[in-house]
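[1] pasting the sequence and the predicted model now:
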Amino acid sequence: MNRRKLAVSLVLALLIAALVARPAGARFDDVDSRWEWAQEGIDFLVERGVISGFPGEVFRPGWEVTRGQFIKMLSEICGFEPGESGRAFSDTSQHWAGPHVQAAVEQGVVRPEEYGANFEPDRPITRMEMARFTVRAVRGGAADAGGRRAEFTDTAHLAAEDQDYIAAASEWGIITGYPEGEFRPDRTASRAEAAVILFRMTAGEIARSTADLDELLPDSAEDAIAGHRLIYLGGNHFIAVSEEPGEGSMEVTIGLDAQMVEIPPAELAEEPTTGEFHHLRPDQLADFAQQHYPEGLYAVSYSLGALSSDHLSTPEQLSGAGAAVHRLQRLYPGRFDRTASHWIFELAPGHWIMWRRQAASGPDVFIAFSASQVQFSETCGDEAVLGQVILVDDAEILAFTEESDHGLYLIPDKVDTPQ
């Protein structure tokens, strides 16, 4: 079967509070309608505990952000492990941001050669620096791609490397220019601007990493799982994500081809039960699916629970499955984690889906189950075979799961390509 392929001061704010409406969802008295453009970014950072307000329920959106503050926020969003203060810069050894600065150095986001002996963490950060740091974070600290030229009226004098950062940040929607066609690389940034930039960095990276998942079932089978978007995998497995929350909760279903994997009968639920595998016989499937899954399907569904955010917007370039996965990130930010190479989404304790943050050889997607939660009849050892189950006990892979005593079943797969 063919298949087609995530500075208004407090005093002024108090004086005019009765005249200026606060946008829906605002939680700070000084984040009113004039800062509505930053509301989503501020919520994003606050929900993750990355940034907080000040006494009196104020956020100070117009205050400048320092290098140390920005690097701390970026490092926490990216999940960088704090490093040993002062190793790269002498003036960060006793600074509160020192461990985060060192982590950013170790991840290739901050480069000591650009600053010399001192990082000056209390100095206001510039838009040029934010472009460098965010683009490097998205690239995973990899070498600069190069080749891009910034299309702004005030960037022609910049080095080719910096033009590449600006062009990439602009192209990816992380940092935009001004109506006059300027980028203003030396301009400093406010807390509101930093929140928006870090939100765009994360949302944009997930959007790009899910773009390859942006396909549906063929037209003849679009109603196979009504109200869901499907990520069809090359190994005949699939991930189905509900298009909209049902009764305040999103639904995700994983379907595994029973020709490729086997789960002992004793491990199966007799009836469909949230978080437990159920065997669907061929005669329980639609006609097209009976032909495609002659031995049936193992299916497990998850109800993800109450939404932790009310933001449903999705980048315009995404639709289908890519949009569905991106929406999961937006609605359930607390379930997302990341390694150096993969995004990780927790479906339930012991159950995850993982996909690559950037294009690379090897599997695009992993379906992962704790060996203490699910048992498979056969595995392919520790050799990655697309669509087949492997049992992994490598400590580095298991670091995010806390499942070192039992191991982790992984099913590596590729996103299905057009036929």
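    Here it is on my side, so go on. What you see is a predicted model, and the numbers here were worked out from it, not measured in a lab.

[2] list the buried residues for stretch 132-141?
    Residues R132, F133, T134, V135, R136, A137, V138, R139, G140 are the ones in stretch 132-141 that count as buried (16 or more other Cβ atoms under 10 Å). Quick note: C-beta positions are derived from backbone N, CA and C, even for glycine.

[3] then stretch 150-170?
    For stretch 150-170, a neighbour-count test (16+ other Cβ under 10 Å) marks 150, 152, 154-155, 158, 162-170 as buried.

[4] and for stretch 40-53?
    Going by 16+ other Cβ under 10 Å, stretch 40-53 has these buried residues: E40, G41, I42, D43, F44, L45, V46, R48, V50, I51, G53.

[5] pull the contacting residues for the second one.
    This points to G41. Residues near G41 by Cβ atoms under 8 Å, 6 or more residues apart in numbering: A192, A195, V196, I197, L198, F199, R200.

[6] repeat the analysis, applying 10 Å as the threshold.
    35, 51, 191-200, 202-203 (Cβ atoms under 10 Å, 6 or more residues apart in numbering).

[7] where is pLDDT lowest across the residues you listed?
    When these are sorted by pLDDT, the bottom entry is A203 at 69.

[8] returning to what we had before: farthest-separated two in the contacts of G41?
    W35 and T202 (19.8 Å; Cβ to Cβ).

[9] keep only those of the buried residues of stretch 132-141 that are in helices.
    R132, F133, T134, V135, R136, A137, V138 (DSSP state H).

[10] pLDDT and distance to D91 for those residues - can I get that in JSON lines?
    Shown next, in JSON lines, are these (pLDDT from 0 to 100; distance: Cβ to Cβ, whole Å):
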{"residue": "R132", "pLDDT": "94", "distance to D91": "19"}
{"residue": "F133", "pLDDT": "94", "distance to D91": "18"}
{"residue": "T134", "pLDDT": "91", "distance to D91": "23"}
{"residue": "V135", "pLDDT": "88", "distance to D91": "25"}
{"residue": "R136", "pLDDT": "88", "distance to D91": "21"}
{"residue": "A137", "pLDDT": "85", "distance to D91": "22"}
{"residue": "V138", "pLDDT": "78", "distance to D91": "27"}
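
[11] re the thing from before, take the buried residues of stretch 132-141 and write them to JSON lines, including distance to E84.
    Below are these laid out as JSON lines (distance: Cβ to Cβ, whole Å):
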{"residue": "R132", "distance to E84": "23"}
{"residue": "F133", "distance to E84": "20"}
{"residue": "T134", "distance to E84": "24"}
{"residue": "V135", "distance to E84": "26"}
{"residue": "R136", "distance to E84": "21"}
{"residue": "A137", "distance to E84": "20"}
{"residue": "V138", "distance to E84": "25"}
{"residue": "R139", "distance to E84": "24"}
{"residue": "G140", "distance to E84": "22"}
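
[12] between the residues you listed, which sits nearest E182?
    R132 (18.1 Å).

[13] in contact with the closest one, which residues?
    The neighbours of R132, taking Cβ under 10 Å, 6+ apart as the test, are 109-111, 114, 126, 144, 161-162, 164-166, 168-169.

[14] taking the residues you listed together, which two end up most distant?
    Spanning the widest gap among the contacts of R132 are T126 and D144, at 18.5 Å by Cβ to Cβ.

[15] tell me the SS of F345?
    Of the three states, F345 takes strand under DSSP: H, G, I helix; E, B strand; the rest coil.

[16] where does the stretch 301-419 of the chain have low pLDDT?
    Confidence mapping of the stretch 301-419 of the chain against pLDDT under 70 gives the ranges 308-327, 330, 340, 357-362, 381-383, 394-405, 415-419.

[17] going by residue numbers, what spans are strands in it?
    Under the criterion DSSP state E, counting those that start in this stretch, the stretch 301-419 of the chain contains strands at 336-338, 342-348, 351-356, 365-370, 390-392, 408-413.

[18] restricted to helices, list the buried residues of stretch 150-170.
    D162, Q163, D164, Y165, I166, A167, A168, A169, S170.

[19] how close does the nearest residue to the third one once chain neighbours are set aside sit to F133?
    The reference is to D164. Excluding the flanking residues, the one nearest D164 by Cβ to Cβ, 6 or more residues apart in numbering is R148, at 4.5 Å. Distance, R148 to F133, by Cβ to Cβ, to the nearest Å: 17 Å.

[20] go on, E120?
    The spacing between E120 and F133, counted by Cβ to Cβ, is 15 Å.

[21] surely L230 touches A289?
    No: at 11.8 Å, L230 does not count as touching A289 under the criterion of Cβ atoms under 10 Å.

[22] between the two, which one's more packed in?
    Set L230 next to A289 and count neighbours by other Cβ atoms under 10 Å: L230 wins out with 25 against 19.

[23] pLDDT value on the more buried one, please?
    Note on L230: pLDDT of 71.

[24] that one in helix, strand or coil?
    Three-state call for L230 (three-state DSSP): strand.

[25] partner residues bridging it?
    Listed by DSSP bridges, the beta-bridge partners for L230 are A240.

[26] ok, back up a step: go through the strands of the stretch 301-419 of the chain and name the closest to R184.
    Nearest of the strands of the stretch 301-419 of the chain (Cβ to Cβ): strand 336-338, 30.7 Å.

[27] buried ones in the closest one, by neighbour count?
    For strand 336-338, by 16+ other Cβ under 10 Å, it's F336, R338.

[28] can you list the strands that that strand pairs with?
    Short version: by DSSP bridges, strand 336-338 pairs with strand 342-348 (antiparallel).

[29] sketch out the helices for the protein, chain order is fine.
    Here the chain has its helices, by DSSP H, at 10-15, 39-47, 67-78, 98-106, 127-138, 160-171, 191-210, 287-292, 320-331, 395-398.

[30] relative to I390, how far out is the closest residue to S93 other than its chain neighbours?
    Among residues not flanking S93 along the chain, G86 sits closest, at 2.7 Å (Cβ to Cβ, 6+ apart). Distance of G86 to I390, given as Cβ to Cβ: 42 Å.

[31] wouldn't G98 be in contact with F89 here?
    Yes: with contact defined as Cβ under 10 Å, G98 reaches F89; the gap is 8.1 Å.

[32] ok, the two, which is more surrounded?
    More neighbours surround G98 than the other of G98 and F89, with 25 against 22 (other Cβ under 10 Å).

[33] contact partners for the more buried one?
    68, 71-72, 82-89, 91-92, 119, 121.
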